[in-house]
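Visitor: Here's a sequence, model it:
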Amino acid sequence: MSDEDSIEKILKGRAQLIDQYIEKYIPREYREDSLMFGLDPPKYTPDFEALGKAVSEPFWEFLERGGKRWRPVLFLLVCEALGANPQECLDFAVIPEVIHNGTLIADDIEDSSELRRGKPCIHELFGDDIAINLSALMYFLPMKALRQKAEKVPNEKARRLYDIYIQEMINLGLGQAIDIAWHKGLTPADKVTESQYLQMCAYKTGTLARMAAQMAAVLSDADNDTVEKMGRFAESIGIAFQIQDDILDLVGEEFAKGKGGPGMDITEGKLTLMVVHTLQKADSTDKKELETILDRHTRNKRLRKKAIEIIGKYGSIAYASDLASKMVSDSWSEVDEALLPSEAKEKLRSLADHLIKREI
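Guide: As a prediction, this is how the structure comes out:
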């Protein structure tokens, strides 16, 4: 079995297990004996039917569409590679996954998207009000897992876990703010640098991978230096994953089906690494045309195709792919020194390779 097949098998095998643990904290049906009410008993009587229709139903409708669950798998592999028992960390592993799906629901509202994973977005199915409230709730519900389990770990370790959670949630908001400002044209597109793009991505997409790896390292009793190294490695995976997502949006036919066809990032006016690179390299005519198409937020397939042609003309897609691979390779060198040889270590490296080479 190839490394690629092995990682696919791991991701598929762990997805069902992760969902079972998520269900402990966000049940498919709220009742008096739901864990949430066990931790914080209500003074009066919650409307369980209302919670079902406004929380459970849209949450599980969204989660069951799929998703790779690679962040909790990353979490568990880091635990295992550092000598911890991954079975004992499963409750913590759900934290970045729940938050991640909350960010997708919020993103779809902010981007006025219509499709996600091949189906209408949650705000299209249930309304903006339910989608906004659900996404916000999903940022905080994982604290239940943290609170329940952190009570069983030493105070200093629990404090470090809370610190990581809080800082990364702040970073997530900062990254989203920058991304929104860019696709609204609040910053001139040709003024955005590659370094600024990478920082935005480190905040927005790198943060949950970094949260997963750092929490896993803390739970594994790693020293501060190892925690930081694992965080930097995971951050590079997150950034590279986003770059590959953006590449597939332009050239991945199968990938783009679930989002409404190739070039939906063009419709959103999104400043990807390829766009930033093109605007820095293009002649004045191509630069102006690309900026005009992005500003129009067009759904016209001909115009989206033209934008993709301009981006391809300047080698920006290949440039982005090479940069993503180099980032992960460079950060792995630090992790390679910090981890003892093990099967989990090899799976960790294979996971990183899979995420930046995938075609869907």
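Visitor: tally of neighbours for residue 20?
Guide: 11 (other C-beta atoms under 10 Å). Heads up, the C-betas are built off the backbone N, CA and C, glycines and all.
Visitor: residues in contact with it?
Guide: Residues near residue 20 by C-beta atoms under 8 Å, 6 or more residues apart in numbering: none.
Visitor: Checking my notes, it in a strand, right?
Guide: No. According to DSSP: H, G, I helix; E, B strand; the rest coil, residue 20 belongs to no strand; its state is helix.
Visitor: Check which helix or strand the residue nearest to residue 218 when sequence neighbours are not counted maps to.
Guide: Excluding the flanking residues, the one nearest residue 218 by C-beta to C-beta, 6 or more residues apart in numbering is residue 160, at 5.0 Å. Here residue 160 is covered by helix 155-183, with elements defined by DSSP states H and E.
Visitor: Toward the C-terminus, what is the element adjacent to that helix?
Guide: Following helix 155-183 toward the C-terminus (DSSP H and E): helix 194-204.
Visitor: who does that next one touch, helix- and strand-wise?
Guide: Contact here means 3 or more C-beta pairs under 8 Å, 6 or more residues apart in numbering; DSSP states H and E; on that basis helix 194-204 packs against helix 155-183, helix 224-251, helix 273-281.
Visitor: what's the angle between the helix or strand just after the last one and helix 155-183?
Guide: Moving toward the C-terminus from helix 273-281, the next helix or strand (DSSP H and E) is helix 284-296. The directions of helix 284-296 and helix 155-183 differ by 110 degrees, with axes from the mean of the first three to the mean of the last three C-alpha atoms, to 10 degrees as the criterion.
Visitor: so what secondary structure elements neighbour the helix or strand following helix 284-296?
Guide: Counting by DSSP H and E, the element after helix 284-296 in chain order, helix or strand, is helix 301-313. The contact analysis (3+ C-beta pairs under 8 Å, 6+ apart) places helix 301-313 against helix 224-251, helix 264-267, helix 273-281, helix 284-296.
Visitor: circling back to that earlier point, counting neighbours, what do you get for the residue nearest to residue 218?
Guide: Counted with other C-beta under 10 Å, the neighbours of residue 160 add up to 20.
Visitor: Let me know the pLDDT of it.
Guide: We note a pLDDT of 94 for residue 160 in this prediction.
Visitor: Touching, it and residue 220? I think so.
Guide: No. Counting by C-beta atoms under 8 Å, residue 220 is not a contact partner of residue 160; they are 12.0 Å apart.
Visitor: Quick check: buried residues in stretch 23-38?
Guide: 23-27, 30, 34, 36 (16 or more other C-beta atoms under 10 Å).
Visitor: and which of these is nearest to residue 90?
Guide: residue 24 (9.6 Å; C-beta to C-beta).
Visitor: and the closest one, what element?
Guide: Counting by DSSP H and E, residue 24 is part of helix 3-25.
Visitor: just how off-centre is that helix within its chain?
Guide: In terms of C-alpha atoms, centre = their mean, to the nearest Å, the centre of helix 3-25 is found 16 Å from the chain centre.
Visitor: Quick check: mean pLDDT of stretch 319-328?
Guide: 96.
Visitor: Give the residue spans of the chain that score low on pLDDT.
Guide: 1-5, 254-260 (pLDDT under 70).
Visitor: For the chain, list the residue farthest from the centre, please.
Guide: For the chain, the largest distance from the centre (C-alpha atoms, centre = their mean) belongs to residue 44, which lies 36.9 Å off.
Visitor: Can you pull the phi/psi pair for residue 116?
Guide: phi -140, psi 120 (degrees, to the nearest 10).
Visitor: Now do it against residue 205, distance only.
Guide: According to C-beta to C-beta, to the nearest Å, residue 116 and residue 205 sit 16 Å apart.
Visitor: between these two, who's got more neighbours?
Guide: residue 205 (24 against 20).
Visitor: Would you mind pulling the contact partners of stretch 107-117?
Guide: By C-beta under 8 Å, 6+ apart, stretch 107-117 touches 62, 65-67, 104, 120-124, 128, 131-132, 135, 176, 180, 183, 258-260, 264, 268.
Visitor: Sort out which of the residues you listed are in strands and list them.
Guide: The members of those that map onto strands under DSSP state E are residue 120.
Visitor: which of the contacts of stretch 107-117 count as buried?
Guide: Buried among the contacts of stretch 107-117 (16+ other C-beta under 10 Å): 62, 67, 104, 121-124, 131-132, 135, 176, 183, 258-259, 264, 268.
Visitor: Please compute how far stretch 137-150 lies from its chain's middle.
Guide: Chain-centre distance of stretch 137-150: 18 Å, with C-alpha atoms, centre = their mean.
Visitor: so is the nearest residue to residue 56 once chain neighbours are set aside in a helix, a strand, or just coil?
Guide: The shortest distance from residue 56 to any residue other than its chain neighbours is 5.5 Å, reached at residue 28 (C-beta to C-beta, 6+ apart). What three-state DSSP gives for residue 28 is coil.
Visitor: Is residue 28 in contact with residue 63, as I believe?
Guide: No. If you go by C-beta under 8 Å, residue 28 and residue 63 don't touch, sitting 10.1 Å apart.
Visitor: can you pull the contacts of residue 62?
Guide: So residue 62 contacts 101, 104-105, 116, 122 (C-beta under 8 Å, 6+ apart).
Visitor: Give me the distance between it and residue 179.
Guide: For residue 62, the distance to residue 179 - C-beta to C-beta - is 21 Å.
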